[in-house]
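Chemist: Starting from these lines, generate the structure:
(2 chains)
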Number of protein chains: 2
Amino acid sequence: MGLSSPNSKSVISAKKNAIGVLQQMLGERLAVGESIRQHHCHSTTMIEPQMPDAVAFPNNTQDVSEIVKVCARYQLPVIGFGTGTSLEGHVNAPLGGVSVDFSHMNQVLEVNSDDLDCVVQPGITRKALNEHLRDTGLFFAIDPGADASLGGMAATRASGTNAVRYGTMRENVLALQAVMADGRVISTGQRARKSSAGYDLTRLLVGSEGTLGLITELTLRLHGIPEAISSASCCFDDIRDACQSVIDTIQFGVPVARIELLDELTVKAVNAYSGLTLPEKTLLLLEFHGSSAYVAEQADRCGTICADCGGSEFEWSANPQDRNRLWQARHDAYWATLRLRPGAMCLTTDVCVPISFLADCVTQAQEKARSFGITAPIVGHAGDGNFHMLLLIDGDNMSERKKAGTFVTWLAELAIKMGGTCTGEHGVGQGKINYLAKEMEGSVDWMSRVKQAFDPLNIMNPGKIFSVDAAGNANEAIQLAH
Amino acid sequence: MGLSSPNSKSVISAKKNAIGVLQQMLGERLAVGESIRQHHCHSTTMIEPQMPDAVAFPNNTQDVSEIVKVCARYQLPVIGFGTGTSLEGHVNAPLGGVSVDFSHMNQVLEVNSDDLDCVVQPGITRKALNEHLRDTGLFFAIDPGADASLGGMAATRASGTNAVRYGTMRENVLALQAVMADGRVISTGQRARKSSAGYDLTRLLVGSEGTLGLITELTLRLHGIPEAISSASCCFDDIRDACQSVIDTIQFGVPVARIELLDELTVKAVNAYSGLTLPEKTLLLLEFHGSSAYVAEQADRCGTICADCGGSEFEWSANPQDRNRLWQARHDAYWATLRLRPGAMCLTTDVCVPISFLADCVTQAQEKARSFGITAPIVGHAGDGNFHMLLLIDGDNMSERKKAGTFVTWLAELAIKMGGTCTGEHGVGQGKINYLAKEMEGSVDWMSRVKQAFDPLNIMNPGKIFSVDAAGNANEAIQLAH
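Modeler: Numbers count the residues shown, from 1 in each chain, chains lettered A, B, ... in the order given. All right, here's what the predicted structure looks like:
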């Protein structure tokens, strides 16, 4: 039997042996207690937690390499763990195995100010990195909301509110060091800004969700902290007008750093949660980076565009306090919307469509949610055409759970039909495996060829991106080995 | 024997059969005449041309798919051909085979103005695309100098003078359609701006040089034509000061659209070629895009930075005629430098280093070239740390050729030691296979795993990126099949 039957006798004994070897190697840095294992598959989503058999805490790349070698020898799954903030079950261990927790590997190894790059270990979080960079005049731009680890952000190809200006992890990782499925360590590139040297293994690992290798070092692109930052907000009676403002802003070449959309329901929730008095309409929040003169010019242009599109109450400010107040609404959105239905679980969608379809997609989604009787406020990275519906569900009510599932499938299929994707920034994990197949059709076969070529034993985060059984030859190889 | 012995009896007869089948299928759109076959492996480089056995002219993706299916059946190599402007022997056919010329597939299929994207066939050139886009207010930003085809530019991960602002083909291809080695057609993504949906097959194919599949459609990112464009130039006595100006400009966050470096020798050549009277010193040429006010601000800042670094004669202008005159020097550089040694061949290097190493790399390269007695003017995309040395060599003089080879190896190794790459934008092709192995070490093994998984018969552009014999298992598979 293969790993797909995690409770067979031979597998259990192989696991025991593997964990014994790892314990000898790592001592106290291998934990097998239930609470720590539970912590490593905990999530805020509706996906059921699935515990690993052990949690390893490597101190360096060499440790990671040795751990993976042992796991390969005993065919034990290896699951990377950063801060556990992923939303699609990425840290779950459906076949058991070893969760590799990178919290001890959280150092900044180099800051190259002249080159606007740095080299970090995967366990550092984005806030800790920016804290470290504070005195250099540089910052790392990607902000997915959660204070995620850089390794996890790269593994899921994360982005967030300012991707419209600075790109996603895809554009901001220059090179990686990774431990592959046989324990070998590779470097995928150099520090040069661009390269045509062979296949782009960096971009292949970014977004591979730990299924091809474990990231042990990242070379990241940095940006200069802008001389001036200003923020603006604008209200719209019709969400279509807000979306048109976004299109015109992008098309006009205004390099907005952030352009976020909150629907009426979210604004209501935020007002109640934070004691604000924002007009309870669709709200656009914008941020501009540049010189003082240039942020003023950008704000002025956006004001004109929004007014032309029917927006009202356009306000902007370069004052940090005003800015923080304006963005409070956005930062509070998640917790505020949970209060709309106390005790509810939140199921978050992540579709991303070409921006010309954003208004259609959002309004159809709102109507559908109403017709389903689901409370589902919306926050969106409108400049990218990416938005999240926060479905507030009674987790104990099977009928509601089923309805939510139907809704999520319907929305993913709508986005795909519009030339979009089921996931703009959260990744596939366990939650979106079926949608991936619908979206990418024949391409999934070529993805699984890469998977089989890199990880023939299917030990690297099995059951993510592809279903547990979908590894095909990989599983056959495992069966032969037992 | 396998494809690696292209003249064995069985291979010759398989080729004959394959070409017969293709002729029946394509009629006059399969050419076997010597002059057309010669044209399809011609290059301006020192790499020896190697003719394909036939040249196919597909009209659509279906044709490409059928061609590849026939080639797979008879194990005949397939080599993509755009405009033949590559510099590393990409279009050569070391094992013979079919050159697939995309010149009939040169249409713009969609322009989505609201989304700033378009869908094109691979045979369209960048100038033709921008001509098509002229009335939309949009443009495609990547400019590698040559009027290359978009398919070829994607295949080699090309960039050019304005990558410092707009990125390379990596950042500007949203999705691809491709015909894989078994003739199946895949789409690697949707039109959404960002996605976390599985492995990044788009970025895997971009830069794969036709060794994994043939690109048959590209979804490209467009930009709004800037409201204002201005140019500037500045002279430097010391090339180090010019490089420091580049570093400071980037670090200060001035979003220069172009920042090009010409060494003294190139300026001399350009003056002679175009009757200009530029001061014969190191020259920086800059271009700024934005609103009128903003380009003025950018020029002003750069002027200050350059002056602080010891630059002189900083001039800028928003007048198109002045701009064209300034950029004439850059555009003429290649042809002008050839005149420095009439009758010489030009061997172009392509190293790219972190910009903090640019001054060191350039000055060491200049000294080395002088010590070797090689005339080697320099033009550089300084903002990316990428520069080309144009080695002017008597192609008939074996000692000069050998010296040039030694120099190129030395420079590639120097760049790699500095954290850079042997190729910033030209690709590996046949010319840089040995340097790739030095630069990427263990990673080349993982690249070849992808190659073997995608193209087990090694029919897709064999002998590029990897040596003809390096396909390992792939060649074994071929041997078994014969």
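Chemist: what about stretch A:135-151, start to end distance?
Modeler: 23 Å (CA to CA, to the nearest Å).
Chemist: May I see the buried residues of that stretch?
Modeler: A:138-146, A:148-151 (16 or more other CB atoms under 10 Å in any protein chain shown). Where you see a C-beta, it was placed from the backbone N, CA and C, and this is true even at glycine.
Chemist: now swap in stretch A:70-80 and tell me
Modeler: Neighbour-count burial for stretch A:70-80 [16+ other CB under 10 Å]: A:70-72, A:74-80.
Chemist: pull the CA atoms of stretch A:362-369 into CSV?
Modeler: Only the C-alpha atoms of stretch A:362-369 are listed here, as CSV (Å, rounded to 0.1, in the frame of the first residue of the first chain):
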residue,chain,number,x,y,z
VAL,A,362,-19.4,41.8,-8.5
THR,A,363,-23.0,42.7,-9.2
GLN,A,364,-23.9,39.2,-10.3
ALA,A,365,-22.3,37.8,-7.2
GLN,A,366,-24.2,40.2,-5.0
GLU,A,367,-27.5,39.2,-6.6
LYS,A,368,-26.7,35.5,-6.3
ALA,A,369,-25.8,35.8,-2.7
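Chemist: Run through who's touching it.
Modeler: Residues external to stretch A:362-369 that are found in contact with it (CB atoms under 8 Å, 6 or more residues apart in numbering or on different chains): A:239-240, A:243, A:261, A:263, A:375-376, A:378, A:380, A:387, A:389, A:391, A:407, A:410-411, A:414.
Chemist: are any of those buried, and which?
Modeler: Taking 16+ other CB under 10 Å as the criterion, what is buried in the contacts of stretch A:362-369 is A:239-240, A:243, A:261, A:263, A:375-376, A:378, A:380, A:387, A:389, A:391, A:407, A:411, A:414.
Chemist: wait, which of these is closest to A:Val100?
Modeler: A:Leu391 (31.7 Å; CB to CB).
Chemist: residues near the closest residue to that closest one other than its chain neighbours, how many?
Modeler: Distance criterion CB to CB, 6 or more residues apart in numbering or on different chains; nearest residue to A:Leu391, sequence neighbours excluded, is A:Leu347 at 4.2 Å. Look at A:Leu347: counted by other CB atoms under 10 Å in any protein chain shown, it has 24 neighbours.
Chemist: Kindly report the same for A:Val379.
Modeler: Close neighbours of A:Val379, defined as other CB under 10 Å, add up to 25.
Chemist: Now do the contacts for it.
Modeler: Counted by CB under 8 Å, 6+ apart, A:Val379 has contacts A:260-263, A:266, A:330, A:333-334, A:387-388, A:390.
Chemist: if we can go back for a sec, so can I have CSV of the buried residues of stretch A:70-80 showing pLDDT, distance to chain B and secondary structure?
Modeler: As requested, the buried residues of stretch A:70-80 are exported to CSV (pLDDT from 0 to 100; distance: CB to the nearest CB, whole Å; DSSP: H, G, I helix; E, B strand; the rest coil):
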residue, pLDDT, distance to chain B, secondary structure
A:Val70, 98, 20, helix
A:Cys71, 97, 19, helix
A:Ala72, 97, 15, helix
A:Tyr74, 95, 23, helix
A:Gln75, 95, 19, coil
A:Leu76, 96, 22, coil
A:Pro77, 97, 19, coil
A:Val78, 98, 17, strand
A:Ile79, 98, 18, strand
A:Gly80, 98, 16, strand
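Chemist: Of those residues, just say which sits nearest to A:Ile215.
Modeler: Out of the buried residues of stretch A:70-80, the member with the shortest distance to A:Ile215 (by CB to CB) is A:Gly80, at 7.4 Å.
Chemist: where's the nearest residue to the closest one once chain neighbours are set aside relative to A:Ser448, distance?
Modeler: Distance criterion CB to CB, 6+ apart; nearest residue to A:Gly80, sequence neighbours excluded, is A:Gly210 at 4.1 Å. Noted for A:Gly210: a distance of 16 Å to A:Ser448, by CB to CB, to the nearest Å.
Chemist: Pick out whichever of these two has more residues nearby.
Modeler: Between A:Gly210 and A:Ser448, counting by other CB under 10 Å, A:Gly210 is the more crowded of the two (25 against 21).
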